[in-house]
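Colleague: sequence unknown, structure follows:
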């Protein structure tokens, strides 16, 4: 009788860890699926600046990375379910999936902490859930598995921590939405690159100041960090006028006024996808400079490169221009 009671308790305990593992996998899959859908709408469950910064370093795009995470947890949930039904054939499927996921996650967390110095709450939450799954799986299989799971995660984490990853080379070259120059020998001229936001009052001061100047004899590159639909549609709507105007800052000033007033700026003329990619590159470039705000002005000559941060410094420099 005692033996039968012991067997029953053991079965209940075994069933409990498996149920908890299935619930964890299903809940995480649903949560990441929701986050993936929200990211396509330009929103997120993670509203911290760190999450936004980290997203700009994902080569395949943040929505696709989150969707990949959701797909993994759906597969993991299904693998755990099938392993419970057919343990003879699929017993090692869940731990195999978890080993790969923990190694991948360790590399991502290591990159965030040691390369860009950011802590994405969403990524840390997923890492915590993976370790919870590893703990439950180790209790159900063999406790020694937990050690191997930790080693797998540390392998990816330490690999990222000892590497110094160079800054993306194409961020500067691909972030400009417009390069305006009314001169024939651009290489001999000073190149100005203004990185700004259409929703930034300090940026508006700089744009309005430039709108009152004669910029026809200089090279200007414009880079916008905005990725919201309103800004991208606005830029697309004014793109023909922006390209043909002798002073594109006058066109930008009118767009900013329209955005502040809530007026539509029209449609057409610009490639929304190209504008969105350029904005992502601009944000990456700003992050590489270890800056968290705009406006930023880069002034390049053959002899030197200077960076002016903030409206006050930029306006002071503009006062020196003819």
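Modeller: Arrived safely, thanks for sending. Keep in mind it's a predicted model, so treat the numbers as computed, not measured.

Colleague: Please, which helix or strand holds residue 78?
Modeller: Using DSSP states H and E, residue 78 falls within helix 62-85.

Colleague: Buried residues in that helix, which are they?
Modeller: For helix 62-85, burial by neighbour count (16 or more other C-beta atoms under 10 Å) applies to 62-63, 65-67, 69-70, 72-81, 83-84. (Each C-beta comes from the backbone N, C-alpha and C, glycine too.)

Colleague: Report the mean confidence score over that helix.
Modeller: Predicted confidence along helix 62-85 averages 91 (mean pLDDT).

Colleague: In terms of secondary structure, what does the helix or strand following that helix contact?
Modeller: Moving toward the C-terminus from helix 62-85, the first helix or strand encountered (DSSP H and E) is helix 87-90. Contact partners of helix 87-90 among helices and strands, from 3 or more C-beta pairs under 8 Å, 6 or more residues apart in numbering; DSSP states H and E: helix 62-85.

Colleague: Please determine how far residue 62 is located from residue 103.
Modeller: In this structure, residue 62 and residue 103 are separated by 21 Å, where distance is defined by C-beta to C-beta, to the nearest Å.

Colleague: Could you do residue 67 as well?
Modeller: Using C-beta to C-beta, one obtains 20 Å as the distance from residue 67 to residue 103.

Colleague: Next up, the contacts around the most centrally placed residue in the chain.
Modeller: Compute the mean C-alpha point of the chain, and by C-alpha atoms, centre = their mean the closest residue is residue 55, 1.1 Å away. The contact partners of residue 55, taken as C-beta atoms under 8 Å, 6 or more residues apart in numbering, are residue 62.

Colleague: Report the separation between residue 161 and residue 131.
Modeller: From residue 161 to residue 131 the distance is 18 Å (C-beta to C-beta).

Colleague: Okay, and the beta partners of residue 194?
Modeller: Beta bridges link residue 194 to residue 222, residue 297 when assigned by DSSP bridges.

Colleague: Do I have it right that it meets residue 308?
Modeller: No: counting by C-beta atoms under 8 Å, residue 194 does not reach residue 308; the two are 9.6 Å apart.

Colleague: more neighbours, those two?
Modeller: Neighbour comparison, residue 194 and residue 308: the larger count goes to residue 194, with 24 against 20 (by other C-beta atoms under 10 Å).

Colleague: From residue 207, how far off is the more buried one?
Modeller: Distance of residue 194 to residue 207, given as C-beta to C-beta: 8 Å.

Colleague: Please apply the same query to residue 243.
Modeller: From residue 243 over to residue 207 the distance is 17 Å, taken as C-beta to C-beta.

Colleague: if you count what's nearby, which of these two comes out ahead?
Modeller: When neighbours are counted by other C-beta under 10 Å, residue 207 comes out ahead of the other of residue 243 and residue 207, with 22 against 14.
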